[in-house]
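Trainee: predicted model, plus sequence, below.
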Amino acid sequence: MSSLEDLNVSRETLERLEQFSSLVARWTVKINLISKSTLDDIWRRHILDSAQLFDLVPSFDHWADLGSGGGLPGIVLAILAKEQNPAGQITLVESDQRKGIFLKTAIRELDLNAIVLTERIEKVPPLNADALSARALSDLSTLLTFAERHLVNHGTAVFPKGQNWRKEDEEARKTWSYSLDPVKSKTSAAAAVLLIKDIKRV
């Protein structure tokens, strides 16, 4: 997946992704949504990297994205869902008030079926999501604690991880039992997207 055309989506969806990318670039000057060093490679490093998560959960009623920050992957998922799963609800959890304002602005301008909770993840009442994601938020053990609280029993956690994902998996299994399907990242050779189910404390 090297370009937006590889997503196989409508022109309208591509335009929304382009509009969102422009929003991120503009707001990053003010509130540092993404590293300024990645602005020139925003499609691959952020948009495509986020978009690859969508197809890994064939269907969902409620997708929760934790620590949404600049809407990566949450807003990207909501843009794709508008075309491919319009009934699917996206909930974005972000404790930073300024980033919360950005997320609400993006949802309004792009006309997306998503809501923003500007609260700490551990203080949000259980979301009962059947899909849950978190990108560049925390180590796997901590993410599993969040998933235990906010994911329904049959749900799927979708965690993109870098080259050290095996080490994080080894450490997490000291505390947790779960089924893991690591999917090779389409945007980074050493990275993987971890699909996790059946999460239980050891």
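Mentor: Looks like it came in fine.

Trainee: all the strands of this structure, residue numbers only.
Mentor: For the chain, strands defined by DSSP state E occupy the ranges 62-66, 89-93, 114-117, 129-133, 151-161, 176-184, 192-201.

Trainee: please name the bridge partners of Val193.
Mentor: Listed beta-bridge partners, Val193: Pro160, Val183 (assigned using DSSP bridges).

Trainee: I figured it hits Leu180, correct?
Mentor: No - using CB atoms under 8 Å, Val193 makes no contact with Leu180, being 11.0 Å away. All C-beta atoms are positioned from the backbone trio N, CA, C, and that covers glycine.

Trainee: which one's more surrounded, these two?
Mentor: A side-by-side neighbour count of Val193 and Leu180, using other CB atoms under 10 Å, places Val193 first with 22 against 17.

Trainee: same question for stretch 193-202, mean pLDDT?
Mentor: What stretch 193-202 shows for mean pLDDT is 97.

Trainee: no no, stretch 62-77
Mentor: On average, stretch 62-77 scores 95.

Trainee: how far does that stretch sit from the chain's center?
Mentor: 4 Å (CA atoms, centre = their mean, to the nearest Å).

Trainee: just the C-alpha atoms of it, please, in PDB.
Mentor: Extracted in PDB, the C-alpha atoms of stretch 62-77 (Å, rounded to 0.1, in the frame of the first residue of the first chain):
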ATOM      1  CA  HIS A  62     -19.000   0.200  17.400                       C
ATOM      2  CA  TRP A  63     -15.300   0.900  17.000                       C
ATOM      3  CA  ALA A  64     -13.500   2.700  19.900                       C
ATOM      4  CA  ASP A  65     -10.200   4.400  19.200                       C
ATOM      5  CA  LEU A  66      -8.200   5.200  22.300                       C
ATOM      6  CA  GLY A  67      -5.800   8.100  22.600                       C
ATOM      7  CA  SER A  68      -7.000   9.400  19.300                       C
ATOM      8  CA  GLY A  69      -4.700  12.500  19.200                       C
ATOM      9  CA  GLY A  70      -4.800  13.800  15.700                       C
ATOM     10  CA  GLY A  71      -7.500  11.400  14.600                       C
ATOM     11  CA  LEU A  72      -5.000   8.700  13.400                       C
ATOM     12  CA  PRO A  73      -6.500   6.200  13.000                       C
ATOM     13  CA  GLY A  74      -9.900   7.300  14.400                       C
ATOM     14  CA  ILE A  75     -10.900   9.900  11.900                       C
ATOM     15  CA  VAL A  76      -9.500   7.900   9.000                       C
ATOM     16  CA  LEU A  77     -11.500   4.900  10.100                       C
END
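
Trainee: if anything else comes up later, I'll come back, but that's it for now.
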